[in-house]
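1. Take a look and give me a structure for this.
(2 chains)
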2 protein chains.
Amino acid sequence: MQEGKKAFNQVLDALTKKDREVLLELIEGIHHADLAEIFEDLNEEDRIFFSDSVGAEKFSTVITELPDTIVEDAMSSFSTDDQREILDQVSDDDRVDLLQDVSEETRDKLLALVEPDDIEVTRSLLRYGEDTAGGRMTTSFGKINLEMTVKEALDELRDSYAESETLARVYVTDSKDRLIGRLRIRELAFNSWNTPISEVYQECTHTILATADQEEAAMMFSKYDLIVLPVIDEQDRLLGIITYDDALEIIEEESTEDIERMAGMSGDISENSYLNTTLSTHFKRRFPWLLGLAFLAIASGYVMIKFEDVLNQLYIMALFLPMVVAAGGNTGGQASTMVIRAMALGELDKGSTIKVAWKELRLGLALGALLGTCIAIITIFMLPLFYTDMPAEVGFVKFGIAVAIAMTMQITTSTLVGSLLPIGARKMNIDPAVVAAPAITTIVDISGMVIYFIVAQLMLL
Amino acid sequence: MQEGKKAFNQVLDALTKKDREVLLELIEGIHHADLAEIFEDLNEEDRIFFSDSVGAEKFSTVITELPDTIVEDAMSSFSTDDQREILDQVSDDDRVDLLQDVSEETRDKLLALVEPDDIEVTRSLLRYGEDTAGGRMTTSFGKINLEMTVKEALDELRDSYAESETLARVYVTDSKDRLIGRLRIRELAFNSWNTPISEVYQECTHTILATADQEEAAMMFSKYDLIVLPVIDEQDRLLGIITYDDALEIIEEESTEDIERMAGMSGDISENSYLNTTLSTHFKRRFPWLLGLAFLAIASGYVMIKFEDVLNQLYIMALFLPMVVAAGGNTGGQASTMVIRAMALGELDKGSTIKVAWKELRLGLALGALLGTCIAIITIFMLPLFYTDMPAEVGFVKFGIAVAIAMTMQITTSTLVGSLLPIGARKMNIDPAVVAAPAITTIVDISGMVIYFIVAQLMLL
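-> Numbering: from 1, shown residues only, chains lettered A, B, ... in the order given. Sure, this is the predicted structure:
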């Protein structure tokens, strides 16, 4: 972090002085992922000077690391020739990502610049949705035929020697392009030249369909400790591969998305960092939920209006009103978070609703009963020290027990609501994280008010 | 998922029938990560029959995938000889993990069973904290000397040929064991035997100190797309390596931890799945926060008691009381979530407090003003249709404006509090996620009550 900051300041200094020579020297020693971070933090003028100075070839490594939203601007600062160069330099999955990040108009222009060698694979990859295994895969991998010998395989792969990525994953296919297995380069190093490949390849234990969701792919990486996952079609033909770094990215994205949804942020997650996301984007993502929840909260207010008499007959009730209401929000939030995370980690299959409900029902009762007891004890033994106006016909004991009962009911209800709403959402094919904490809190606020007032009315008045 | 369920039912069936032969046949075709999931879901009797049937060697692959909490029980069902076999079969980082999962007493017993070959490295790895790079690293990697030729390197590595892990990462060190670079196996396959290693090795661009935090390591993997990260000591000596699968695990764990902390769960995250975590563990992790927040909420109640006169002079205020209060909780929760996630992703360095505060202050004002305006419009134009008792000296216009002002103040305050509390927590070396949503909601509930009543008192009464 500290080193990154120093590098950033040096680059900024060179940019301010428009010192191209120093800039290029500095950039030489900085990893392209760090360069992308630096680029993201620059203003428009500096960005243009930066991309102009580093040139298309070097910038092609930087552009693959940039947030989606600034890719189009970054591309537009280059000449047509440079754009062609960038599209040529990047790997095919990065090229497709890049094309998916720009407007449709720009995409058509850029597609016309893609080299004839690459155009077919680019078009075919563009057909898969961005969130599918096919949309994530790359086609740069080594491929050899099952019928070859070690010598023939070496000859076949020699051209790819310089492409460090390709040789790291070599697959064996049959004459119909169907995936048979994978080959480790060590087999070529340690075996004699006339050994048939069919004797030294290894089976692929895991594959994924191109149409599968990217989350499914990420879960397989994490569970089976994969480095590469071959992507196939319905006929078992090898289409491409997904690599571990994609899995890392998918897992981080999905966690961020869940965390943000749970806090009531709408829309897609921002690819920009928090500080680089514009105020209006932050605003747009936060406002809709706030507005919706504000209207929902008026229902709680309506309950307060309806029970005006109850509250005014025994105003000391107000002391515990926020507590009973908030306890529901807190337990509901905990329950929903646990359930949503368990679903995200693939722990809950479709049949586990009843198990979850049974677990949370008992938990809610236990939490509510213990918390209620604590509050009752305080009300009965400590409240009399501070408050002397308790009507004799109510008394501290009855009041304490009423609060405890309301508390237990509210926590039990909220725990159940909090755990079942996300499951219900999934059943309706809604992202469970969307119904999380803020929505649940507001809903159980209403139930808390109603429960508290009704228990008080029945027991105390 | 469906397939996993089918396999589980078949295994369960074989266990119920105590049919060892069928069980072993089934297990042959199941990945050890899946076997661990199946084992976790078994009852005690079935677990014992299962481990007894599969035997120590096979079980050594399963035990590395089990949740920490059941490792000790699983080990104890084996004889001393079998325990020795398991400790011998697992890789050194898995052995250390296993030893860290059991009680101190058991650890001493098991340490005595570790083979003499392995005991030194085991003891040295045990010295690093579980959450450090050193605690995560493995020592199984290939190592060759800078002075060797391709032929000598091939001879040196030939013995490791069968250990698939070792050859995937071969490092070059100098005579003092200092890390010089890495060697790709392809160099051995494609270069002539007398080529010096010094001509074909590659530099290592990234390394990490053994004492560094595991999160730092995970961030390097995700940023630089690493597969392996060498772990060194202060003298640059190569101690071990961390692999991408550890990084995936760290990222998932840290995300889960953050998500759970944000929802007010205390204690360590459960290694068991949601359904396999006991009721009492769930209870213990949820209760402390609930209790603390309940007491905090009494402060809100106290505010209601103090302002009894204000509320009773204009009881229609109650209609918007829950809304003003809840809006603070919702915006505060959103702001804290954004900031905590940005910190977790390494986007906010220590100097960015003012930038965050400035951003959230403007956001809070904008959100509050727009939301306040919406509510004022409703109050002024729609409320008169339903409510006829508004005192003439107050009037709907003044009432609407007061609600809007309180709303704006509450949302601005809460947004600031929500964004700055996590930053403050980090400054005091407290996990930012700990002060998140529920704590912030409860705190801003109090401010919401105070703001609403004071604005009403000043403007309306």
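2. ok now the helix or strand hosting residue A:285, how far from the chain's centre?
-> According to DSSP states H and E, residue A:285 maps onto helix A:279-306. In terms of CA atoms, centre = their mean, to the nearest Å, the centre of helix A:279-306 is found 25 Å from the chain centre.
3. quick one: is whichever helix or strand comes after that helix near chain B?
-> Going down the chain from helix A:279-306, the next helix or strand is helix A:308-313, by DSSP H and E. Yes. Using CB under 8 Å from any CB of the partner chain, we find that helix A:308-313 touches chain B at A:308, A:312. Using the backbone N, CA and C atoms, a C-beta is placed for each residue, glycine as well.
4. Point out the other helices and strands that helix A:308-313 packs with.
-> helix A:437-460 (3 or more CB pairs under 8 Å, 6 or more residues apart in numbering or on different chains; DSSP states H and E).
5. Now do the helices in the stretch 1-150 of chain A.
-> A:2-16, A:20-28, A:32-40, A:44-63, A:68-76, A:80-89, A:92-101, A:104-111, A:116-126, A:133-136, A:150-158 (DSSP state H, counting those that start in this stretch).
6. quick check: angle from the helix holding residue A:285 to helix A:437-460?
-> Angle of helix A:279-306 versus helix A:437-460, following axes from the mean of the first three to the mean of the last three CA atoms, to 10 degrees, is 10 degrees.
7. Can you name every helix or strand that helix A:279-306 contacts?
-> Using 3+ CB pairs under 8 Å, 6+ apart, the elements in contact with helix A:279-306 are helix A:437-460, helix B:321-344, helix B:353-381.
8. coming back round to it: okay, the helices of the stretch 1-150 of chain A in a markdown table with distance to chain B, mean pLDDT and mean neighbour count next?
-> Below are the helices of the stretch 1-150 of chain A laid out as a markdown table (distance: least, CB to the nearest CB, whole Å; pLDDT from 0 to 100; neighbours: other CB atoms under 10 Å in any protein chain shown):
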| stretch | distance to chain B | mean pLDDT | mean neighbour count |
| --- | --- | --- | --- |
| helix A:2-16 | 7 | 79 | 15 |
| helix A:20-28 | 13 | 89 | 15 |
| helix A:32-40 | 5 | 89 | 21 |
| helix A:44-63 | 11 | 91 | 18 |
| helix A:68-76 | 15 | 88 | 17 |
| helix A:80-89 | 17 | 93 | 18 |
| helix A:92-101 | 12 | 88 | 21 |
| helix A:104-111 | 24 | 92 | 14 |
| helix A:116-126 | 19 | 88 | 15 |
| helix A:133-136 | 14 | 90 | 26 |
| helix A:150-158 | 7 | 88 | 17 |
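9. of these, which approaches residue B:100 most closely?
-> Closest approach to residue B:100 among the helices of the stretch 1-150 of chain A is made by helix A:2-16 (31.1 Å; CB to CB).
10. about what we covered before: name the residues of the helix holding residue A:285 that come out as buried.
-> Neighbour-count burial for helix A:279-306 flags A:282, A:285-287, A:289-294, A:296-305 (criterion: 16 or more other CB atoms under 10 Å in any protein chain shown).
11. can you check stretch A:131-150 too?
-> For stretch A:131-150, the neighbour count (16+ other CB under 10 Å) marks A:132-146, A:148-150 as buried.
12. quick one on the thing from earlier: hey, which of the helices and strands packed on helix A:279-306 is tucked in deepest?
-> Neighbour counts averaged per stretch over the helices and strands packed on helix A:279-306 are highest for helix B:321-344, at a mean of 28; criterion: mean count of other CB atoms under 10 Å in any protein chain shown.
13. quick one, phi/psi of the residue nearest the centre of chain A?
-> Residue closest to the average C-alpha location in chain A (CA atoms, centre = their mean): residue A:254, at 1.8 Å. For residue A:254, the backbone dihedrals (degrees, to the nearest 10) come out as phi -70, psi -40.
14. shouldn't it be in contact with residue A:215?
-> Yes. Residue A:254 is within contact range of residue A:215, at 6.0 Å (criterion: CB atoms under 8 Å).
15. OK, contacts around the spatially closest residue to residue A:65 that is not a sequence neighbour?
-> Among residues not flanking residue A:65 along the chain, residue A:36 sits closest, at 3.5 Å (CB to CB, 6 or more residues apart in numbering or on different chains). The contact partners of residue A:36, by CB atoms under 8 Å, 6 or more residues apart in numbering or on different chains, come to A:62-63, A:65-66.
16. Could you rerun that using 7 Å?
-> A:62, A:65-66 (CB atoms under 7 Å, 6 or more residues apart in numbering or on different chains).
17. distance between the ends of stretch A:314-325?
-> 18 Å (CA to CA, to the nearest Å).
18. contacts for that stretch?
-> Applying CB under 7 Å, 6+ apart, the contact partners of stretch A:314-325 are A:311, A:375, A:387, A:390, A:394, A:403, A:406-407, A:410, A:445, A:448-449, A:452, A:456, A:460-461, B:294, B:297-298, B:300-302, B:304-305, B:308, B:445.
19. Tell me who's in contact with residue A:259.
-> When contacts are taken as CB under 7 Å, 6+ apart, residue A:259 is in contact with B:259, B:337, B:341.
20. do the same with residue A:98
-> Contacts for residue A:98 (CB under 7 Å, 6+ apart) come out as A:63, A:71, A:90.
21. Is the last one in contact with residue A:64, as I believe?
-> Put plainly, it is residue A:90. Yes. Contact criterion CB atoms under 7 Å: residue A:90 and residue A:64 qualify, at 5.8 Å.
22. Show the contacting residues for residue A:224.
-> By CB under 7 Å, 6+ apart, the neighbours of residue A:224 are A:206, B:31, B:33.
23. switch to 10 Å and redo it
-> A:205-206, B:31-34, B:65, B:245 (CB atoms under 10 Å, 6 or more residues apart in numbering or on different chains).
24. What is the subsequent helix or strand relative to the helix or strand of chain A with the lowest mean pLDDT?
-> Lowest mean confidence among the helices and strands of chain A (mean pLDDT, DSSP states H and E): helix A:164-167, at a mean of 67. Sequence-wise, the next helix or strand downstream of helix A:164-167 (DSSP H and E) is strand A:170-173.
25. Quick check: neighbours shared by residue A:254 and residue A:215?
-> Common contacts of residue A:254 and residue A:215 (CB under 10 Å, 6+ apart): A:131, A:344.
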